[in-house]
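Visitor: the amino acid sequence is not available; the structure is as follows:
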């Protein structure tokens, strides 16, 4: 960056030579800014969520994956995962494990590059066995398995910014 006071001082001290140095420094700065501005940004359609609302998007710590929490007009929530590089969907057996007519998946967030935590809600008409699945879970993207967790205690009702 060229400081105007510095350039003025150089002009008054060295005449034209100082002015040329100041202009050269200013041109180098502009060229550097142009190079920075040439970063390529890719925008790609990933999926269509017809009749649904996107509630949340969460990125993995390394930025290579992201989760989308979507909700339909009846309040059923589900989680989808994608690769950031190409937008491809990541296969997760969550939808077969937690059927949409009984369960709602919400509040996903990454706890590592390959794992994320989420909460499971159960509808009132669920069986006793299904009601036991309510709670907080961790899903391992690489191994494609999920485990119920008793280690997390996140109560966002008392969270203050």
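Guide: That came in fine, so what should we check first? In this text, all values refer to a predicted model and were calculated from it rather than measured experimentally.
Visitor: so for residue 12, what's the pLDDT?
Guide: Model confidence at residue 12, given as pLDDT, is 45.
Visitor: nope, residue 147 is what I meant
Guide: As predicted, residue 147 sits at a pLDDT of 89.
Visitor: over to the one 4 residues further on?
Guide: Predicted confidence (pLDDT) at residue 151: the value is 62.
Visitor: cool, residue 54 as well?
Guide: Here, the pLDDT recorded for residue 54 equals 93.
Visitor: next, give phi and psi for it.
Guide: When read as degrees, to the nearest 10, the backbone of residue 54 gives phi -90, psi 120.
Visitor: where does the protein have its least confident helix or strand?
Guide: Ranking every helix and strand in the chain by mean pLDDT, DSSP states H and E puts helix 4-14 at the bottom, with a mean of 45.
Visitor: pLDDT below threshold where in this protein?
Guide: Along the chain, the model assigns pLDDT under 70 to residues 1-39, 41-43, 151-161.
Visitor: in terms of secondary structure, what does the helix or strand harbouring residue 82 contact?
Guide: Secondary structure assignment for residue 82, by DSSP states H and E: strand 77-83. Counting contacts by 3 or more Cβ pairs under 8 Å, 6 or more residues apart in numbering; DSSP states H and E, strand 77-83 packs against strand 65-72, strand 89-90, helix 94-97, strand 103-110, strand 115-122. Using the backbone N, CA and C atoms, a C-beta is placed for each residue, glycine as well.
Visitor: got a list of contacts for it?
Guide: Contacts with strand 77-83, where a contact means Cβ atoms under 8 Å, 6 or more residues apart in numbering, come from 46-47, 55, 64-71, 88-90, 92, 94-95, 100, 104-106, 108, 116, 118, 121, 141.
Visitor: please redo it, this time with the cut-off set to 7 Å
Guide: Contacts to strand 77-83, defined as Cβ atoms under 7 Å, 6 or more residues apart in numbering, come from residues 46-47, 55, 64-71, 88-90, 92, 94-95, 100, 104-106, 108, 118, 141.
Visitor: cool, and stretch 104-124?
Guide: With Cβ under 7 Å, 6+ apart as the contact definition, stretch 104-124 has outside contacts at 56, 58, 60-62, 67, 69, 76-79, 94, 98, 102-103, 130-131, 133-142, 149, 152.
Visitor: endpoints of stretch 85-99, how far apart?
Guide: Start-to-end span of stretch 85-99 (Cα to Cα, to the nearest Å) is 29 Å.
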